[in-house]
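Participant: here's a sequence, model it:
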Amino acid sequence: MKPYIGVGLSVGILAGIWTQVSIELGLITWVAFIAWACFFAAGGGAHGFRNGLAANLSGVVYGWLVALLTTVADFPGVLAVGVGVAALAMCLQAGWAPLSFIPGAFAGTAAFFGTALSFWPTVAALVIGAGLGWASALIGDRLQRLLIKPEAAAGARDPNHPVQTA
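Facilitator: All right, here's what the predicted structure looks like:
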């Protein structure tokens, strides 16, 4: 059986639940999906949760700083300069392990700008999305183990079986 069936089921179920709950509560549905994707892209598990979410949140802060700059500085190209400096910083911060997932920082900034500069709603949705990523991975792993037929699992451990698992 394909190893991604369990995670696929858990992601599908949780995505449906999240969509309904977020709409009913007025939360930003799509932003959570960004953090959810970053969780997996950053490697999943504790590492993916920590590094994906930390980078996402740093990106929100960079977006906020760019927005702040545009309110205090008034010259042609201020937004371009702010975005350029923030992009540089998002890359340079990767030298520090907790913020090393560069795509997550860019995703966090994009989410902040995409929510029309809604700082706390963006942060809340990113945190929820990272949690959903972790939950879907854990539930998916358990579902996968339930879906594996006992005889197939036993056959994989049989020294006479042609395919061995690590």
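
Participant: for whichever strand or helix holds residue 56, which helices and strands make contact with it?
Facilitator: Assigned by DSSP states H and E, residue 56 falls within helix 45-72. Contact here means 3 or more C-beta pairs under 8 Å, 6 or more residues apart in numbering; DSSP states H and E; on that basis helix 45-72 packs against helix 29-41, helix 78-92, helix 102-114, helix 119-147. For every residue, glycine as well, the C-beta is placed using N, CA and C.

Participant: any chance of those in a markdown table, plus mean neighbour count?
Facilitator: A markdown table is the format used below for the helices and strands packed on helix 45-72 (neighbours: other C-beta atoms under 10 Å):
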| stretch | mean neighbour count |
| --- | --- |
| helix 29-41 | 22 |
| helix 78-92 | 15 |
| helix 102-114 | 22 |
| helix 119-147 | 19 |
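
Participant: so which of those helices comes closest to residue 49?
Facilitator: helix 119-147 (4.9 Å; C-beta to C-beta).

Participant: that older thread, got the angle for the helix holding residue 56 vs helix 102-114?
Facilitator: Comparing the axes of helix 45-72 and helix 102-114 via axes from the mean of the first three to the mean of the last three C-alpha atoms, to 10 degrees yields an angle of 40 degrees.

Participant: now helix 45-72: average pLDDT?
Facilitator: Helix 45-72 comes out with an average pLDDT of 98.

Participant: could you check the angle it makes with helix 78-92?
Facilitator: Using the same axes, to 10 degrees: helix 45-72 against helix 78-92 is 160 degrees.

Participant: next, the angle from helix 45-72 to helix 119-147.
Facilitator: Here the directions of helix 45-72 and helix 119-147 differ by 160 degrees (the same axes, to 10 degrees).

Participant: mind listing what's buried in helix 45-72?
Facilitator: Using 16 or more other C-beta atoms under 10 Å as the burial criterion, the residues of helix 45-72 that qualify are 48-64, 66, 69.

Participant: and the angle for that helix with helix 29-41?
Facilitator: Using the same axes, to 10 degrees: helix 45-72 against helix 29-41 is 130 degrees.

Participant: CSV for the helices and strands packed on helix 45-72, including distance to residue 7 and mean pLDDT?
Facilitator: As requested, the helices and strands packed on helix 45-72 are arranged in CSV below (distance: least, C-beta to C-beta, whole Å; pLDDT from 0 to 100):
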stretch, distance to residue 7, mean pLDDT
helix 29-41, 9, 98
helix 78-92, 28, 98
helix 102-114, 20, 98
helix 119-147, 3, 97
